[in-house]
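Predicted structure and sequence below. I'll ask about it afterward.
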Amino acid sequence: MNPGIEGIVGMYVKLGELDTLERMKEHRQGLLEQCVDTEHFSFDVTRSIYRSDLDVIEAGIESLSGEITGHVDAFNENRIAGWALYDQHPDKRVKIDIYFNGDHVAEVVADQFRNDLLKLNKGDGHHAFVFVPPSGSFQPPLQLEVRAANRKVLKAVTVE
């Protein structure tokens with residue numbers, strides 16, 4: 001761990017600077033994507049540091065974002081759909097990760113509008129997501145897992 005980044009993230013958490021942490025995360029991800037040379041040890045070390053920094057930043061974001069509420073309303077070969085929102089920050093959109101048999105197959109953002117969510121006082125109603133599985137990928141037996149913000153499991157089922 002990089003004690004410098006831990007101190008900086010800790011300070012931003014105390015100040016409630018969620019937007020700043022999200023910008024830091026985007027910046028570190030951009031730097032990580034630029035380290036594409038796998039032939040040199042120095043790039044391996046740099047990638048490792050950036051990944052470690054991202055873990056610390058993500059933990060800070062999670063602590064400020066609070067609990068996630070959500071539900072998977074439909075899961076079949078035609079679509080996987082539901083909604084998710086940060087309880088303390090309903091203006092922020094939740095990233096949804098979808099796994100088939102343990103393999104990450106999709107990342108979508110819960111940002112689509114649903115009137116029922118608005119009527120239920122779920123933020124501004126823009127918290128729905130829909131994923132259309134590629135043709136032939138939803139084949140039983142299938143272990144399906146839908147995670148919000150890569151942490152909270154919204155749905156985990158085995159489709160027989």
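Yes, it's here.

Just list what the one helix or strand residue 56 maps to packs against, helices and strands only.
Residue 56 belongs to helix 41-65 when assigned by DSSP states H and E. Using 3 or more C-beta pairs under 8 Å, 6 or more residues apart in numbering; DSSP states H and E, the elements in contact with helix 41-65 are helix 3-15, helix 18-34. C-beta: built from backbone N, CA, C; applies to glycine.

One more pass at 10 Å, please.
Other helices and strands packing on helix 41-65, by 3 or more C-beta pairs under 10 Å, 6 or more residues apart in numbering; DSSP states H and E, are helix 3-15, helix 18-34, strand 80-86.

For that helix, buried residues please.
Going by neighbour count (16 or more other C-beta atoms under 10 Å), the buried part of helix 41-65 is 46-47, 49-50, 53-54, 56-58, 60-62, 64-65.

Give the residue spans of the chain that score low on pLDDT.
Along the chain, the parts satisfying pLDDT under 70 run over 1, 37-42, 150.

so what are the domain limits for it?
For the chain, automatic domain parsing gives the domain ranges 3-65, 68-159.

end to end, how far does stretch 85-94 reach?
One end of stretch 85-94 sits 6 Å from the other (C-alpha to C-alpha, to the nearest Å).
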